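Asker: Pasting the sequence and the predicted coordinates here, then a few questions.
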Amino acid sequence: MTNADFWKQIDSIVSGGFSPEGLQMLDYYAELFINGRLVYKRFSPFEQHGCSTGGATHVIASLLAGAESRSDRGVAPYGDNFKRELQCGAQQAECIERWARRTNCWTNSVDTTLSQSLGEKIAEGGEAKVYNHGATLIKTIGLDYFVQPILALDRISLHNAYFPETKLTVLGFGRTEEGDFKIVVEQSFVEGKHVKDTQIAGYMDKMGFSLVNPRNWTYATPNIYLSDMHDENVLQTADGTIVVVDCDIRINVHNLNAGGTRNFSTEVELIKP
């Protein structure tokens, strides 16, 4: 199967309304992706593994968002045309919503529903709300920082790759009462103490990241952009391990102005057994 054949098949599944046969095919592609036989060149192999650990729901949503962000759809590169980004983001969200409703991983009035089913909301940031679920946390992640669902889904893939101790598992999707698109994820609860900026800087240095902007705690490599690395998002556990529980992590493309050398790719390759 060629790259063009793969995306033609995805387009056919979407235009066909996610029939039972189409849903079965998406599950099959997710299995190939997780087993490493469907190579998605948006990611390195290491990062694709991070996407896989987010679960099949995450993988399928990433592929559907990728289908709606291909260059042959006339999509403007990230940051080049904000109006076009908004349009593309809306198309991605609509596609994911149609699929999620068909597979029963969609929640209406998502924040109200979660507060009723889970109870206490324990934190709220610029793009996420956090609910106490005992040994785990349930988070609803919005698009405030990302605009396009594919970039928010990338964030989960990259977090899982670089910070597997606090991996995010995608449970589903929903919208708020105001109509804002949300990704619902689960994450293990980590108990720890806050760390100093100097400790975070040392931790980042060991990982090969350089400080780009201390005002918003931004670090980068030519491949990865990493921001919001402050003491509320980085903890030290009782055994001295530093863990990152939340961050803004992205593929470092040129438009982020952080020395990035990556390009967004939607090329896939099917590896024969």
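Answerer: Right, received. Where do you want to start?
Asker: Only C-alpha atoms, please: export stretch 229-236 in CSV.
Answerer: Only the C-alpha atoms of stretch 229-236 are listed here, as CSV (Å, rounded to 0.1, in the frame of the first residue of the first chain):
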residue,chain,number,x,y,z
MET,A,229,8.6,23.7,32.6
HIS,A,230,8.0,25.5,36.0
ASP,A,231,7.8,24.2,39.5
GLU,A,232,4.0,23.5,39.4
ASN,A,233,4.5,21.1,36.4
VAL,A,234,7.7,19.4,37.6
LEU,A,235,7.8,17.4,40.8
GLN,A,236,10.4,15.4,42.8
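Asker: For the closest residue to Gly208 other than its chain neighbours, give its distance to Gly179.
Answerer: Of all residues not flanking Gly208 in the chain, Thr221 sits nearest, at 5.7 Å (C-beta to C-beta, 6 or more residues apart in numbering). All C-beta atoms are positioned from the backbone trio N, CA, C, and that covers glycine. Going from Thr221 to Gly179 by C-beta to C-beta, to the nearest Å gives 36 Å.
Asker: quick one: which of the two has more around it?
Answerer: Thr221 (18 against 7; other C-beta atoms under 10 Å).
Asker: related to what we said a few turns ago, look up how far Ser210 lies from the residue nearest to Gly208.
Answerer: Distance of Thr221 to Ser210, given as C-beta to C-beta: 7 Å.
Asker: before we move on, what about Ala61?
Answerer: From Ala61 over to Ser210 the distance is 32 Å, taken as C-beta to C-beta.
Asker: More neighbours: which of these two?
Answerer: The neighbour comparison of Ala61 against Ser210 (other C-beta under 10 Å) goes to Ala61, with 29 against 14.
Asker: Next, the contact list for the more buried one, please.
Answerer: Ile96, Trp99, Ala100, Pro149, Leu153, Val170, Phe173, Ile183 (C-beta atoms under 8 Å, 6 or more residues apart in numbering).
Asker: Go through these and flag which are in strands.
Answerer: Val170, Phe173, Ile183 (DSSP state E).
Asker: one step back: and the contacts of Ala61, which of them are buried?
Answerer: Among these, those classed as buried by 16 or more other C-beta atoms under 10 Å are Ile96, Trp99, Ala100, Pro149, Leu153, Val170, Phe173, Ile183.
Asker: All good on my end, thank you.
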